[in-house]
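Chemist: Sequence and predicted model, in that order:
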Amino acid sequence: MKKYMLFLRSLSFLCAFAVILLLSRGMANAAELVDPFDFSQDGWVVFGGYGQSVPGWGETEERVKTLELIPRYSHRIIAEMGSGWYRGFHSILLEVPLSLVLSPDESAMLAINFLGAYTFTADSIWQPYLFGGGGPVYNFADISGMGADLNGNYQFGIGLEYAWTENRKLLIESRYHHISNNGSEEANDPLNAYKFLVGVTF
């Protein structure tokens, strides 16, 4: 039963995020689709930070502490849309996170994340954004309750971009992060964690 509940939670999150994207797109009369082969506004960010699962958060039992290194590639799919405070753009993000596990084992986890994001551009210097998505994650660490090496993850969070210079931005980000094997193996104690990240564009 647990594996079906996890599957339904993951599916409902992805559906809700897709609905938000579609509604915001539909409400924007002046939304302008970007040429999918126009890479002129694409960019890279490298994040570093800290993550920790929280025992008692959902069915999480183990406290897992990690250092995070996350390169991210972003590609705009809808140009400036909307007006006022909600003016912004949609983008898709590709991440390859490397999590260095500090405890209970000293090892690593490696993932690939596919994310959708909306960035608010009403202010030219400070630009908040929302994002969510997920993907596969491989666990090299020996963590009690994780019955599989290959797992799935989903996450969502908020961030803030600061235009540090004309060509560089600083980013601060906080995200909720869930890892489980969706009941494919026993045991399947999920990791519900928070992550705090700082990044720079280049």
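Modeler: Structure's in. What do you need? Numbering: from 1, shown residues only.

Chemist: got the contact list for stretch 43-51?
Modeler: Outside stretch 43-51, the residues that touch it by CB atoms under 8 Å, 6 or more residues apart in numbering are 65-74, 99, 169, 171, 173, 177, 193-202. For glycine as for every other residue, the C-beta is placed from the backbone atoms N, C-alpha and C.

Chemist: Weed out the non-buried ones from those.
Modeler: Buried subset of the contacts of stretch 43-51 (neighbour count, 16 or more other CB atoms under 10 Å): 66, 68-70, 72, 74, 99, 169, 171, 173, 177, 193-195, 197, 199, 201.

Chemist: now, which of those residues lie within strands?
Modeler: Residues of those located in strands (DSSP state E): 66, 68-70, 72, 74, 99, 169, 171, 173, 177, 193-195, 197, 199, 201.

Chemist: and the spatially closest residue to Val200 that is not a sequence neighbour, what does it touch?
Modeler: Leaving out its chain neighbours, the residue that sits closest to Val200 by CB to CB, 6 or more residues apart in numbering is Leu170, at 5.9 Å. By CB under 8 Å, 6+ apart, the residues touching Leu170 are Glu161, Tyr162, Trp164, Val198, Gly199, Val200.

Chemist: Just give me the closest of the residues you listed to Pro136.
Modeler: Gly199 (22.2 Å; CB to CB).

Chemist: Touching, the closest one and Trp164? I think so.
Modeler: No - assessed by CB atoms under 8 Å, Gly199 is found out of contact with Trp164, at 11.3 Å.

Chemist: will you turn the contacts of Leu170 into JSON lines that also has pLDDT and distance to Gly116?
Modeler: Converted to JSON lines, those look like this (pLDDT from 0 to 100; distance: CB to CB, whole Å):
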{"residue": "Glu161", "pLDDT": "97", "distance to Gly116": "16"}
{"residue": "Tyr162", "pLDDT": "98", "distance to Gly116": "22"}
{"residue": "Trp164", "pLDDT": "90", "distance to Gly116": "25"}
{"residue": "Val198", "pLDDT": "98", "distance to Gly116": "22"}
{"residue": "Gly199", "pLDDT": "98", "distance to Gly116": "18"}
{"residue": "Val200", "pLDDT": "98", "distance to Gly116": "22"}
